[in-house]
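Student: sequence and predicted structure, then a few things I'm wondering about:
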Amino acid sequence: MADTGADTGAIRDAAWACFTDLRDRICAAFEALDTARFARTAWERPGGGGGEMAVMRGSVFEKVGVNVSQVHGELSDEFRGQLPGTVDSPAFFACGISLVAHMRNPLVPAVHMNLRRIETGAGWFGGGTDLTPYFPFPEDVALFHERLKGACDRHDPAYYPRFKAWCDKYFFLPHRNEPRGVGGIFFDNLDTGNPEADLAFVRDVGETFLATYPEIVARRRDLPHTPEQREEQLVRRGRYVEFNLLYDRGTVFGLKTGGNVEAILMSLPPEVKWP
């Protein structure tokens, strides 16, 4: 279902306010766990819009980026027809928050979170979050999934099993026949016909992430680890790079629609090895 013009403008503004506020509070929570601070860099997209990168390199977060963007323009012929509502018009608007954290301690899991609003001839939400531990603690995995299930159940009991399965399928490396991590939730084209309710769910996912991941980091950041565990972490990070460069649709879309290259490739780890 497409939103009305008036609804679209209001939802667009509300989504952008949600994403920028969430960015600020996530950055504050991460800084409270580390000794470093985020450096913010604004950028403009030649075709319309722009965004702001926020990157921190510290003693706990080896590299974490929490980026927001709001872009608009016309899609190239390559994407015409691939997105809902683009057959008759190439015009698009997209805004979102994208986060990836790579940790110094190999016992602290890496994490990804993305929430977005996209408008063409239709309007919808997408996003999700997934955890990538290199040495999983079952209680951390359970907490991550239990909190996400709770967020989903508050809006629709069918969301969690559907979006968990979608995440497991999406964050999978076919060439290695293995998952990228321990999953989470992933959803796209979310348009129930009630954009306010859809935004409420997206906001709940963001709040759940903020309430959960810093708790996991605080549990594990000071645990002793061995050089062998660090070496394994660097090798396993290679899988993260392989997925993002080979399969991630957001990376491909951003690079091919004139997005900021450094912001898009912020997801890649600062140090990685292949055996």
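Tutor: Perfect, thanks for sending it. Remember, it's a predicted structure, so these values are computed and weren't measured experimentally.

Student: from here on, contacts and neighbour counts on C-alpha atoms
Tutor: Noted.

Student: what comes up buried for the worst-scoring helix or strand of the chain on mean pLDDT?
Tutor: The helix or strand of the chain with the lowest confidence, counting by mean pLDDT, DSSP states H and E, is helix 249-256 at a mean of 80. Under the neighbour-count criterion of 16 or more other CA atoms under 10 Å, helix 249-256 has residue 251 buried.

Student: could you list every helix and strand in contact with that helix?
Tutor: helix 227-246, helix 261-264 (3 or more CA pairs under 8 Å, 6 or more residues apart in numbering; DSSP states H and E).

Student: what about the strands in the protein?
Tutor: Assigned by DSSP state E, the chain shows strands spanning 39-44, 49-56, 61-74, 91-103, 110-119, 123-132, 172-173, 178-179, 183-190.

Student: residue 234: which of these is closest?
Tutor: strand 91-103 (10.4 Å; CA to CA).

Student: what residues does that closest one touch?
Tutor: Contacts to strand 91-103, defined as CA atoms under 8 Å, 6 or more residues apart in numbering, come from residues 15-16, 19-20, 23, 60-75, 109-121, 266-267, 269.

Student: 7 Å instead?
Tutor: Strand 91-103 is contacted by residues 16, 19, 60-75, 109-120, 267, 269 when judged by CA atoms under 7 Å, 6 or more residues apart in numbering.

Student: need the helices and strands packed on helix 249-256 in TSV with mean neighbour count, mean pLDDT and distance to residue 187, can you?
Tutor: Below are the helices and strands packed on helix 249-256 laid out as TSV (neighbours: other CA atoms under 10 Å; pLDDT from 0 to 100; distance: least, CA to CA, whole Å):
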stretch	mean neighbour count	mean pLDDT	distance to residue 187
helix 227-246	17	96	17
helix 261-264	16	86	20
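
Student: who wins for proximity to residue 90 among the ones you listed?
Tutor: When these are compared by CA to CA, helix 261-264 sits nearest residue 90, at 22.1 Å.

Student: who does that closest one touch, helix- and strand-wise?
Tutor: Other helices and strands packing on helix 261-264, by 3 or more CA pairs under 7 Å, 6 or more residues apart in numbering; DSSP states H and E, are helix 249-256.

Student: by how many degrees do the helix it packs on and strand 110-119 diverge?
Tutor: Helix 249-256 and strand 110-119 are oriented at 60 degrees to each other (axes from the mean of the first three to the mean of the last three CA atoms, to 10 degrees).
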